[in-house]
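Enquirer: How does the following fold in three dimensions:
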Amino acid sequence: MKNRWVLISLLVAVATSLAGCTTIEKAKRTDKLSYELSALQKKMEKLKSEKEAKANEVSDLERAKLELEKRLQSEIENYKAKLKITEKGLVVTFLSEIFFNSGKDKIKAEGENALEQVAQVLNINIPDVTVAIEGHTDNDPIRYSGWQSNWELSSARALAVVHYFIDQCSISPERLSAVGYGEYHPVESNETSEGMQQNRRVEIVILPSEINKIK
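Expert: So this is what the prediction gives:
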C-alpha cells in the first residue's frame, strides 16, 4: 500500500511538473506572439506614415506643377516648354532655343524671364527640395563654336542655368546640381529637324524628398 501511495505521489508530481512546463511554454509563445504583433503594428504604422508622406510629397509637386503651368503659359502654348510628373520627380523641359543661341551658353533675356518664374516657385512653393539641371543636345557634331564636343556644350548650358539660379535668383547652391548628357539621351529621332529641335533641351528636375534624403 505504501508503494502505491509513493507511486501516486510521483505521478502527481510529474503531472504537476508537466503542467508547469506547459504553462511556461504557453507563456513563452504568448510573449513571442505579442512581440511579433507589436513589431507588425509598428511596421504597419511606418508604412502608413510613409504612404501619407508620399501622398503629401506628390501633392506638393502637383501644386508646384499647377503654379508653373500658370507662370509659363506662354512658353507652353508656344511648345517651347512642357511639364510632367515622372518617377524621378517634376520635370520642366525647355527647348534650348529659349535660353541660348546656337552653340552658345550665355542665357538670353527670354530665358532669364522663364528661369525667374521657375525660381520663384522653387523659393516660395517648394523651398526644401533639391533640383537637378540637365543639359541635352542633338547629334549634330560641333563644327564652329569651339566646344570640344556636345558633352561640353550641354554641361556648360546646365551650369549656366545653375549659376543664374544662384546669382540672380538667390537659390541656395546646396539645392542644385548640374549634368550634361550631350546627345545621348534623345527624346525624338535626330533624323528630322523637328526631332533635333526637341532633343536640344534643358530639363529642370525637381526631385522628390526621398531622393533628397539619400543625398
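Enquirer: all helices in the protein, in order from the N-terminus.
Expert: Using DSSP state H, the helices of the chain run over 2-71, 73-77, 96-99, 109-124, 150-169, 193-199, 209-214.
Enquirer: Of those, which shows the lowest average pLDDT?
Expert: Sorting the helices of the chain by mean pLDDT places helix 209-214 lowest, at a mean of 51.
Enquirer: buried stuff in stretch 61-72?
Expert: Buried residues in stretch 61-72, counted by 16 or more other C-beta atoms under 10 Å: Leu61, Ala64, Lys65, Glu67, Leu68, Arg71, Leu72. C-beta here means a position set from N, CA and C on the backbone, and glycine is covered the same way.
Enquirer: which residues are contacting it?
Expert: When contacts are defined by C-beta atoms under 8 Å, 6 or more residues apart in numbering, stretch 61-72 is touched by residues 76, 81, 83, 85, 89-90, 92, 114, 117-118, 120-121, 125-126, 206, 208.
Enquirer: Out of those, the closest to Glu191 would be?
Expert: Ala81 (23.9 Å; C-beta to C-beta).
Enquirer: Mind listing the residues bridging to that closest one?
Expert: On the basis of DSSP bridges, Ala81 is bridged to Phe94.
Enquirer: That one: what's it in contact with?
Expert: Leu72, Glu75, Val92, Thr93, Phe94, Leu95, Ile98, Ala114.
Enquirer: Can you tell me which of those lies closest to Thr30?
Expert: Val92 (56.8 Å).
Enquirer: Tell me how far the residue nearest to Val161 when sequence neighbours are not counted lies from Pro141.
Expert: With sequence-adjacent residues excluded and distances taken as C-beta to C-beta, 6 or more residues apart in numbering, Val161 is closest to Ile133, at 4.8 Å. Ile133 sits at a distance of 24 Å from Pro141 (criterion: C-beta to C-beta, to the nearest Å).
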